[in-house]
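Undergrad: what shape does this take:
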Amino acid sequence: MTPPTNPAAEVNQFLTTHPQLSQIALILTDINGIARGKFLRPRELYALYKMGRPLPSSILSLNVLGEDVDSTGLVWEVADQDCIARPIPNTLKMCPWLPNTAQVLVSMDKEAGMPAAAADPRLCLVEVVERLKADGSNPVLACELEFYLLDKAAWQQGKVVTATTPNGFNLEQTQVYGVGDLEDMRGFFADVYKYSAIQGLPAETAISEYAPAQFEITLVHRTDAVQAVDEAIQFKRLIKGVAEQHGMIACFMAKPFTERSGSGMHIHVSFTNSEGINLFSAGETETNQILLHSIGGMAATIKDAMAIFAPHANSYRRFKANSYAPTAATWGINNRTVTFRVPSNNAANRHVEHRASGADANPYLAAAAVLAGMHYGIKHKIDADKPATGNAYSDTRVLPLNWYDTLDAFEHSTFIREYLGADFQRIYSALKWEECERFNAEVSSLDHQWHLRLA
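TA: Model (predicted):
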């Protein structure tokens with residue numbers, strides 16, 4: 001990653017436009033999708049854009065609790081050395097939900113950022129996109145994010161309950177597509193759209209989802225796939241910030257409630273050629289070979305990549321029949337019971353919606369795994385099975401839905417090694433195995449309820 005050609009001019013313009021600015025959040029997205037970094041003073045922007053900023057290699061070794069995972073090899077083995085991160089173009093923006101605060105996303109320099117660069121999720125996506133472009137396919141991509149709005153005050157008292165509307169009603173009914181719920185939360189959504197406009201983020205349709213206080217907001221398709229995911233990262237942070245302003249928590253857990261729907265992150269993808277023509281548009285959906293091979297590749301590699309799409313123990317609780325979360329490696333046209341859905345659009349807009357990822361997945365890694373699977377299918381001409389019709393939940397080609405199994409598949413996958421790199425594969429495996437073993441070693445209140453007196 002090279003610095004901007006005229007960083008001083010960019011910084012000057014930003015500081016002149018925002019004289020009230022007092023701090024800038026420098027944000028690196030870690031393997032778990034968590035924002036890591038530091039706050040800079042405005043005068044430090046010049047050095048950031050000219051020379052980058054040193055960050056410790058261990059910043060990409062952290063588990064979800066923010067603790068070093070020594071087995072990643074990014075801590076003591078490399079003396080926790082400083083690695084250079086550089087600002088991502090077009091991400092220096094004000095944070096309207098924070099007073100006098102801006103933010104800028106950074107990514108590791110591929111050379112000066114070693115050894116941490118090997119674990120940078122954004123670089124994984126960049127390299128997969130470059131591989132596709134080298135073969136004549138430019139990915140066009142968009143993300144859909146589902147989330148719950150929860151009551152912040154209740155959480156501070158140890159309770160997880162859905163948000164209360166400004167007019168005093170608790171959202172307790174599953175009013176899917178209910179306009180009333182959107183209207184009740186109009187202050188929240190008005191600020192989401194207002195702040196999105198300030199940050200230049202392409203927020204579009206909002207809907208009430210299939211659970212109380214669960215919502216989805218779509219982002220537009222971008223011909224620059226990396227930009228699309230940069231925007232998803234920024235938008236997720238914006239939603240959390242707006243929710244905080246309104247006394248709520250925006251929850252992107254895959255399954256925060258046992259008896260309610262989980263939250264997914266749907267990734268929409270198509271490919272264009274050098275002339276901007278959609279490669280999926282030719283002929284009919286069932287006969288377009290590039291589309292079919294893309295789907296075939298995603299189906300063939302989903303076991304290897306499932307540890308990315310479902311990165312936590314909680315992730316696997318989302319997958320349940322008749323829940324709108326997929327359970328089998330199926331595809332279909334205008335069918336929401338499958339994993340790889342081709343929406344009913346006109347041919348020019350034909351694309352695939354990948355529905356396996358939870359909202360808790362790292363968007364960079366999820367997009368990288370989706371695109372890598374599509375490239376793999378095109379390269380090896382892997383045919384897709386026949387499209388599912390009707391209810392696909394009875395299909396026997398079930399997804400791997402056990403965390404131990406998916407981590408084992410990821411760790412030994414030649415596909416992951418080829419597309420994301422041996423170093424990334426090793427680091428991700430080490431970090432996730434540590435989380436898995438630690439999580440499953442915890443004795444929970446459910447253990448006590450089920451076994452304390454009866455065992």
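
Undergrad: ok, residue 225 - contacts?
TA: By CB atoms under 8 Å, 6 or more residues apart in numbering, the residues touching residue 225 are 125, 129, 138, 139, 140, 141, 269, 367, 371. All C-beta spots, glycine's among them, are computed from the backbone N, C-alpha and C.

Undergrad: shouldn't residue 374 be in contact with residue 294?
TA: Yes. Between residue 374 and residue 294 there is a contact under CB atoms under 8 Å: 4.0 Å.

Undergrad: so what's in contact with these two at the same time?
TA: 269, 271, 352.

Undergrad: in strands, which of those fall?
TA: 269, 271, 352 (DSSP state E).

Undergrad: can you tell me which of these has the most neighbours?
TA: residue 271 (27 neighbours; other CB atoms under 10 Å).

Undergrad: show me the beta-bridge partners of that residue.
TA: residue 139 (DSSP bridges).

Undergrad: span of stretch 416-424 from start to end?
TA: Stretch 416-424 has an end-to-end distance of 9 Å (CA to CA, to the nearest Å).

Undergrad: give me the contact list for it.
TA: Here stretch 416-424 has contacts from 115, 118-119, 124, 127-128, 131, 304-305, 368-369, 372, 375-376, 410, 425, 428, using CB under 8 Å, 6+ apart.

Undergrad: please repeat the previous calculation with a cut-off of 7 Å.
TA: Outside stretch 416-424, the residues that touch it by CB atoms under 7 Å, 6 or more residues apart in numbering are 118, 119, 124, 128, 304, 305, 368, 372, 410, 425.

Undergrad: can you redo those as CSV with pLDDT and neighbour count?
TA: Listed next are the contacts of stretch 416-424 as CSV, based on pLDDT from 0 to 100; neighbours: other CB atoms under 10 Å:
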residue, pLDDT, neighbour count
118, 96, 25
119, 97, 27
124, 98, 25
128, 98, 25
304, 98, 25
305, 98, 27
368, 98, 28
372, 98, 28
410, 98, 24
425, 98, 22
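
Undergrad: filter those down to the ones in helices?
TA: With helices defined by DSSP state H, the entries of the contacts of stretch 416-424 inside them are 124, 128, 304, 305, 368, 372, 410, 425.

Undergrad: check contacts around the second one.
TA: The contact partners of residue 128, by CB under 7 Å, 6+ apart, come to 368, 371, 372, 419.

Undergrad: right, and the helix or strand after the helix or strand of the chain with the lowest mean pLDDT?
TA: Every helix and strand in the chain was compared by mean pLDDT, DSSP states H and E; the lowest is helix 179-184, with a mean of 84. Downstream of helix 179-184, the first helix or strand assigned by DSSP states H and E is helix 186-199.

Undergrad: hang on, residue 321 packs against residue 391?
TA: No. Using CB atoms under 7 Å, residue 321 makes no contact with residue 391, being 8.9 Å away.
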